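Chemist: my questions are about this predicted structure, shown below with the sequence.
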Amino acid sequence: MSKFVKYYNTVKYLKKIQIGYRLYYFGRSKYRKLTGFRYPLSAEAKSEDIKLQESIKSLKSFYKEGKRECFDFLNLSKCFESKIDWNFSQYGKLWAYNLNYFNYLEQTDINRDDALKLVYDFIEDIDNNKEGLEPYPLSLRGINWIKFIVRNGIKDQKIDDSLYAGYLILMDNLEFHVLGNHILENGLSLLFAAYYFNDRSFYDSAKEIIEKELQEEILKDGAHFELSPMYHQLILFRVLDSLNLVKNNDYFNHELEALLEKRAKEMIEWLNAMTFKNGDIPLFNDSAKFIAPTTKELKEYAKRLGVESDKKAVLKQSGYRRFDGKRYEMIVDVGNIGPDYIPGHAHSDTFNFELYIDNKPFIVDTGVSTYEDNARRFIERSTSSHNTVKIGDYEQSEIWSSFRVAKRAKIISLKEDKNRVEATHDGYKKIGIKHLRKFESYEDEIIIIDSIEKENKADEFPTAVSHLHFYPGIEVGLEENSIKTNLAKILIDGAEKIEIDDYNYAKGYNNLEKSKVVKIIFRNYCKIKFTFVTNGK
């Protein structure tokens, strides 16, 4: 019964279009399996000469060792002796996806002939490729192939025919059952296909998706609505690439240029507000390092395209708030999991925050190291892996599987002024509890106050634990009612007990480093006061 309730509390938030397409694709798949249907993997195509300005180079992920072709994604390397296994699954699905994205065609040091060989190897083995024909890798690979072809002045019928067939498959498998960043990536990739093949059907589909999704997915404060700073950077990169395409070519009357430019500027201004002075982004909601282009790279690319802004967005609809003192920067989360119908990258992290001192990370989100459906994935999405309060054995939001959320915490009150924000969430309503957290920001100190309110006044207050995750290398020690570090002293009021424990900080995918977490155990009230020290005193 509990399993049924969990499924119900997950599915009830889905849009009708998601449910309809899931049922349609499921039924179609069964029918096609019975009839032996297979897509043509090459289709006669005629490509056009298009122009593109310089984009952003990708990180190095392809290299050669003698005759072996080697790939390094997600901090895991694999060398193929004679033939690339495009379905290589030993390192998980995300690694296999990266192999099929072909981002490495954009790395600085790749040899043109080596790159062409990789494309040909892919085409020749496409009959056996399952991962590469899924719509998401199809979308990203299409953009990367077209950028590579244009940059190198390549005219190759075999590549064009494979690319065109891939886009016909994409058109028949658009990710309306997922929506969010997936359907937007589909649409932006189809825009590249429309220009490269001068194809009106591709363009009409792309335009409809892009106009609808950019309206839906970019919030009024400029944030991508899945509320992951890393995915925001990735989507902004794709929007800028699409603006590059539309701005530099005369097909379709430049119809989408103004929209892409407007959204790009809004997204840059949100990043300006969300990026720490040293260039880092907070690792909220499935954000990881070394995946997306940096804010600096994105702004430089935008500038080359004529889009420029140093303005910081006023953070509101995304649920994030920023506070700056003399020596610190703090970004806090007082928003809902979002959006309801696609919370796959959301964590159980209401009232989480990150704190930087002297341009260095101090209190941090623990990050993500895997997308696999395993215990590590659950831990990294759980309440206790974030700088917030866990009550008893309960999660604020019911996370499950790799990308699922059933019941989720909702913000039920929010008050704020210039240096203060106070909010209450109902994530513990199943046990008759409300959690109120207040952030107060001053030039030389920060105060965080947690209050636990219960419906039944006769019941005892359950045990609550406030977590503070310190960046690796921060020295942490306990004194009476206080935590001493090499960058700040933290005074605690209302704690029954304070403990120091180890946790695993995700330096990236499949890359963990031990660090310290402080657990502040209390009942109904806890006050945490940060005072900033100089020269370790």
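Modeler: Structure received.

Chemist: residue 444: what's it in contact with?
Modeler: Residue 444 makes contact with 325, 326, 327, 531, 532 under the criterion Cβ atoms under 8 Å, 6 or more residues apart in numbering. Where you see a C-beta, it was placed from the backbone N, CA and C, and this is true even at glycine.

Chemist: tell me the centre residue of the chain?
Modeler: Within the chain, one residue has its C-alpha closest to the average C-alpha position: by Cα atoms, centre = their mean, that is residue 231, at 3.3 Å.

Chemist: just the buried residues of the helix or strand residue 492 falls within, please?
Modeler: Element membership for residue 492, per DSSP states H and E: strand 488-493. Taking 16 or more other Cβ atoms under 10 Å as the neighbour-count basis, strand 488-493 is seen to contain the buried residues 488, 489, 490, 492.

Chemist: so the protein: which segments form each domain?
Modeler: The chain breaks down by automatic domain parsing into domains covering 17-304, 320-532.

Chemist: quick one, which of the ones you listed is nearest to residue 11?
Modeler: Proximity to residue 11, assessed across the domains of the chain by Cβ to Cβ, is greatest for domain 17-304 (7.4 Å).

Chemist: thinking again about what came up before, tabulate the contacts of residue 444 (JSON lines), appending distance to residue 265, neighbour count and pLDDT.
Modeler: Shown next, in JSON lines, are the contacts of residue 444 (distance: Cβ to Cβ, whole Å; neighbours: other Cβ atoms under 10 Å; pLDDT from 0 to 100):
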{"residue": "325", "distance to residue 265": "29", "neighbour count": "17", "pLDDT": "95"}
{"residue": "326", "distance to residue 265": "30", "neighbour count": "10", "pLDDT": "94"}
{"residue": "327", "distance to residue 265": "31", "neighbour count": "16", "pLDDT": "95"}
{"residue": "531", "distance to residue 265": "39", "neighbour count": "14", "pLDDT": "94"}
{"residue": "532", "distance to residue 265": "35", "neighbour count": "18", "pLDDT": "85"}
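
Chemist: now, those that are in strands?
Modeler: Among the contacts of residue 444, the members falling in strands (DSSP state E) are 531, 532.

Chemist: quick check: the two most widely separated of the contacts of residue 444?
Modeler: Farthest-apart pair in these is 326 and 531; separation 11.8 Å (Cβ to Cβ).

Chemist: residues touching residue 482, list them.
Modeler: Applying Cβ under 8 Å, 6+ apart to residue 482 gives the contacts 489, 490, 491, 492.

Chemist: got the residue ranges for the helices in the stretch 301-450 of the chain?
Modeler: In the stretch 301-450 of the chain, the segments counted as helices under DSSP state H, counting those that start in this stretch are 375-381.

Chemist: which residue ranges form the strands in it?
Modeler: For the stretch 301-450 of the chain, the strands defined by DSSP state E, counting those that start in this stretch cover 320-324, 328-333, 353-357, 360-363, 389-391, 399-400, 404-405, 411-417, 420-425, 433-441, 445-454.

Chemist: buried residues in stretch 129-139, which are they?
Modeler: If you call a residue buried by 16+ other Cβ under 10 Å, then stretch 129-139 has these buried ones: 129, 131, 132, 133, 134, 135, 136, 137, 138, 139.

Chemist: so where's the stretch 351-500 of the chain shaky on pLDDT?
Modeler: Counting by pLDDT under 70, the low-confidence segments of the stretch 351-500 of the chain come to 458.

Chemist: what's the closest non-adjacent residue to residue 464?
Modeler: Nearest-residue entry for residue 464: residue 391, 5.0 Å, with adjacent residues in sequence omitted and distances by Cβ to Cβ, 6 or more residues apart in numbering.

Chemist: that neighbour against residue 452, yeah?
Modeler: Yes. In this structure residue 391 lies within contact range of residue 452 using Cβ atoms under 8 Å: 7.1 Å.

Chemist: residues shared between the contacts of those two?
Modeler: Shared contacts of residue 391 and residue 452, defined by Cβ under 8 Å, 6+ apart, comprise 433, 435, 462, 464.

Chemist: what segments of the stretch 151-300 of the chain are helices?
Modeler: So, for the stretch 151-300 of the chain - with DSSP H, counting those that start in this stretch - the helices run 157-171, 180-197, 200-217, 229-247, 257-274, 295-304.

Chemist: same list, those helices, but as CSV with distance to residue 125 and mean pLDDT please.
Modeler: What follows is the helices of the stretch 151-300 of the chain, written out as CSV (distance: least, Cβ to Cβ, whole Å; pLDDT from 0 to 100):
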stretch, distance to residue 125, mean pLDDT
helix 157-171, 11, 98
helix 180-197, 22, 98
helix 200-217, 26, 98
helix 229-247, 27, 98
helix 257-274, 35, 98
helix 295-304, 33, 98
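
Chemist: now those helices in CSV, with distance to residue 415?
Modeler: Output for the helices of the stretch 151-300 of the chain, formatted as CSV (distance: least, Cβ to Cβ, whole Å):
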stretch, distance to residue 415
helix 157-171, 47
helix 180-197, 30
helix 200-217, 28
helix 229-247, 25
helix 257-274, 20
helix 295-304, 30
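
Chemist: quick check: which of those helices is nearest to residue 7?
Modeler: Closest to residue 7 of those is helix 180-197 (Cβ to Cβ; 20.0 Å).

Chemist: which other helices and strands contact that closest one?
Modeler: Helices and strands touching helix 180-197, by 3 or more Cβ pairs under 8 Å, 6 or more residues apart in numbering; DSSP states H and E, are helix 135-152, helix 157-171, helix 200-217, helix 229-247.

Chemist: return the most buried member of those.
Modeler: Highest mean neighbour count among the helices and strands packed on helix 180-197 (mean count of other Cβ atoms under 10 Å): helix 229-247, with a mean of 24.

Chemist: next, the angle from that helix to helix 200-217.
Modeler: 140 degrees (axes from the mean of the first three to the mean of the last three Cα atoms, to 10 degrees).

Chemist: so what's the closest residue to residue 528 other than its chain neighbours up against?
Modeler: When the adjacent residues along the chain are set aside, residue 528 lies closest to residue 448, with 4.4 Å between them (Cβ to Cβ, 6+ apart). Under the criterion of Cβ under 8 Å, 6+ apart, the contact list for residue 448 reads 353, 437, 438, 439, 440, 527, 528, 529, 530.

Chemist: can you flag the buried ones in the residues you listed?
Modeler: For the contacts of residue 448, a neighbour count by 16+ other Cβ under 10 Å gives the buried set as 353, 437, 438, 439, 527, 528, 529, 530.

Chemist: distance check, the nearest residue to residue 131 once chain neighbours are set aside against residue 372.
Modeler: Nearest residue to residue 131, sequence neighbours excluded (Cβ to Cβ, 6+ apart): residue 96, at 4.5 Å. When distances are taken as Cβ to Cβ, to the nearest Å, residue 96 and residue 372 turn out to be 12 Å apart.
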